[in-house]
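1. Predicted model, plus sequence, below.
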Amino acid sequence: MLTIYADQISKRLTYALSVIFDDRQIEYRLINDEQSFKEAPLPKLVYSENPTLEKDASIYPSTILFEEDVLKHIVQKVEWNSEEILSFNGVPDILASIFYVISLYDDYLQEETDQHDRNIGSLSLLYKMKWLDQLIVERWSEKLIAFIEKENGCSLSAQKIPFNVIPTFDIDNVYAYRLKKGWRKYMSIAKDIVKNDRIRLKERREVLSDRIKDPYDTYDKIEAIAKRGFDVKVFWLLGEYGTFDRNVDYNNLHHRRLIFEVNDFANVGLHPSYRSNQSKTSLREEKLRIEEILGREVTHTRQHFLKVKLPITFTDLEKVGFTDDYSLGYADQLGFRAGVARPFMWFNLRENKVSTLRLHPISYMDGTLNEYMELTIDEAVKTVNKLKTEVKTFGGNLVALWHNETIGDYGRWKGWSRVLEETLNNKD
């Protein structure tokens, strides 16, 4: 067993150590009794300024793991044991580096947000350091383990973190034409007439007369993926109609039946509405809606528009009973916002404690590749394969975010099903 000494046992330090060691099944204990540490057998690690313990493997600590507030530090890239890590106010600290990234510390400090009040990936610390497409927390964790092993002349027998591909789908618009009634139907027709969009007018007529399939009706494709053995997650938008919430009425019987049918082959969770970010009441109501439709408790969720405002969004999800969230990623940039691809418990920096909400980082979103980054299909395939190699190497889940309307090779998404298929290839 690894024995770790620190002058103070804090919640942040305890959390950082659990991130590094628990999933790798490395046994350790953290103590602050100097005599007990001296008497403990190897291997050991010192996280202290204590000069009497310097002969053991040691890391000089910065202050960040012993603070309780979100403070602005001078954060710089430095080299430690031939590895680039972070220094805080001039103190290189690999443990604090791991905590800083996985706790999303930098996101709390960002003052500029986009038009949807989201953190901007290109302004993030990881992007600026050129680490966003790397599992930097895993790289640092492996480097720390190697350092401990070298200094103690031992092996900690770290277990490899498993690799998986998890395809996920957001249902923002259940159909392009079907089930849209009343003023919504006629306004859409009027819009096409004003634009003289004869293709859409013809397509609408053929869909509504059952001569062709609705272009957003790709649920058979999602089911086929599930039948290949993938743990498919589907997140359904059931909010009240609004500027950014435009799904079919949740009371529509055909809509409700479709949700129930998809739940037979995929794990259906809630896609909270754009509006719910400003209303915990709306969030709770939407959770009750999908639970009533499915006849079971729903604990998995992903934010519409990846709209996350720290710590409010995650705190609200926790309070209404969600246990797992799949929103952790930037809209404008792909990669690993928390430096890992495996699920982890969210550390609430405002309350300085580990929450009960498990975060599942996404590796990329379809719209990031096509709309934000404007990649070609070939470029997107290469980019996805690079991300997949990173996750295979360091472990975790390659969580791919798609929509039912983007996997049907329709419109501006023509040919993009190839990118999804490349994601699913070579499943380990």
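-> Noted; the coordinates are in hand.

2. Flag the helix or strand of the protein with the lowest per-element mean pLDDT.
-> None of the helices or strands of the chain scores lower by mean pLDDT, DSSP states H and E than helix 182-194, at a mean of 56.

3. Which of the residues in the following helix or strand past it are classified as buried?
-> As assigned by DSSP states H and E, the chain's next helix or strand after helix 182-194 is helix 198-208. The neighbour-count check on helix 198-208 (16 or more other C-beta atoms under 10 Å) flags 200, 203-204, 207 as buried. For glycine as for every other residue, the C-beta is placed from the backbone atoms N, C-alpha and C.

4. Show me this protein divided up by domain.
-> Following automatic domain parsing, one finds the domains of the chain at 2-152, 163-176+214-424.

5. what distance separates the longest one from the centre of its chain?
-> For domain 163-176+214-424, the distance from its own C-alpha centre to the chain's C-alpha centre is 9 Å (C-alpha atoms, centre = their mean, to the nearest Å).

6. now the shortest one
-> Put simply, domain 2-152 sits 21 Å off its chain's centre (C-alpha atoms, centre = their mean).

7. could you give the mean pLDDT of it?
-> For domain 2-152, the mean pLDDT works out to 96.

8. Tell me the span between the first and last residue of that domain.
-> Its first and final residues considered, domain 2-152 spans 10 Å by C-alpha to C-alpha, to the nearest Å.

9. what's the answer for stretch 81-90, then?
-> Terminal-residue distance, stretch 81-90 (C-alpha to C-alpha): 16 Å.

10. Repeat that for stretch 48-67.
-> End-to-end for stretch 48-67, by C-alpha to C-alpha: 15 Å.

11. Would you mark the buried spots in it?
-> Residues of stretch 48-67 classed as buried by neighbour count (16+ other C-beta under 10 Å): 48, 53, 56-59, 61-62, 64-66.

12. Between the residues you listed, which sits nearest residue 350?
-> Distance to residue 350, by C-beta to C-beta, is smallest for residue 64 among the buried residues of stretch 48-67, at 15.4 Å.

13. I'd guessed the closest one sits against residue 96; true?
-> Yes: with contact defined as C-beta atoms under 8 Å, residue 64 counts as touching residue 96 (4.4 Å).

14. Can you pull the residues that touch both of these two?
-> residue 88 (C-beta atoms under 8 Å, 6 or more residues apart in numbering).

15. What does the pLDDT read for the spatially most central residue of the chain?
-> Central residue of the chain (C-alpha atoms, centre = their mean): residue 361, 2.1 Å from the mean position. Note for residue 361: predicted pLDDT of 98.

16. One more: the one 4 residues further on?
-> Note for residue 365: predicted pLDDT of 98.

17. show me where pLDDT drops low in the stretch 151-300 of the chain?
-> For the stretch 151-300 of the chain, applying pLDDT under 70 flags the ranges 181-198.

18. for it, what spans make up the helices?
-> When assigned using DSSP state H, counting those that start in this stretch, the helices of the stretch 151-300 of the chain occupy the ranges 182-194, 198-208, 219-227, 253-262, 280-294.

19. on contacts alone, who are the packing partners of the next helix or strand after the last one?
-> Helices and strands here follow DSSP H and E; after helix 280-294, the next one along the chain is strand 300-301. Contact partners of strand 300-301 among helices and strands, from 3 or more C-beta pairs under 8 Å, 6 or more residues apart in numbering; DSSP states H and E: strand 233-236, strand 267-270, strand 324-325.

20. between those, which gets nearest to residue 101?
-> Taking the helices and strands packed on strand 300-301 one by one with C-beta to C-beta, strand 324-325 is closest: 17.9 Å.

21. pull the CA atoms of the helix or strand following the closest one into PDB?
-> Next in sequence after strand 324-325, counting helices and strands by DSSP H and E, comes strand 344-348. Output in PDB follows, covering the C-alpha atoms of strand 344-348 (Å, rounded to 0.1, in the frame of the first residue of the first chain):
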ATOM      1  CA  PHE A 344     -16.000  11.100 -12.500                       C
ATOM      2  CA  MET A 345     -17.800  12.700  -9.600                       C
ATOM      3  CA  TRP A 346     -18.100  16.400 -10.000                       C
ATOM      4  CA  PHE A 347     -16.300  18.500  -7.300                       C
ATOM      5  CA  ASN A 348     -18.400  21.600  -6.500                       C
END
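
22. Strand 344-348 - contacts with which helices or strands?
-> On a contact count with 3+ C-beta pairs under 8 Å, 6+ apart, strand 344-348 meets helix 11-21, helix 94-102, helix 312-320, strand 353-359.

23. which one of these lies closest to residue 417?
-> Evaluated over these, closeness to residue 417 peaks at strand 353-359, with 28.2 Å, by C-beta to C-beta.

24. picking that back up, out of the domains of the chain, which one sits most buried?
-> Of all those, domain 163-176+214-424 carries the top mean neighbour count, a mean of 19, counting by mean count of other C-beta atoms under 10 Å.

25. for residue 223, what are its contacts?
-> Residue 223 touches 262, 265-266, counting by C-beta under 8 Å, 6+ apart.

26. hmm, 10 Å instead?
-> When contacts are counted by C-beta atoms under 10 Å, 6 or more residues apart in numbering, residue 223 touches 232, 261-262, 264-266.

27. quick one: which two of the residues you listed are the most distant?
-> Spanning the widest gap among the contacts of residue 223 are 232 and 261, at 13.6 Å by C-beta to C-beta.
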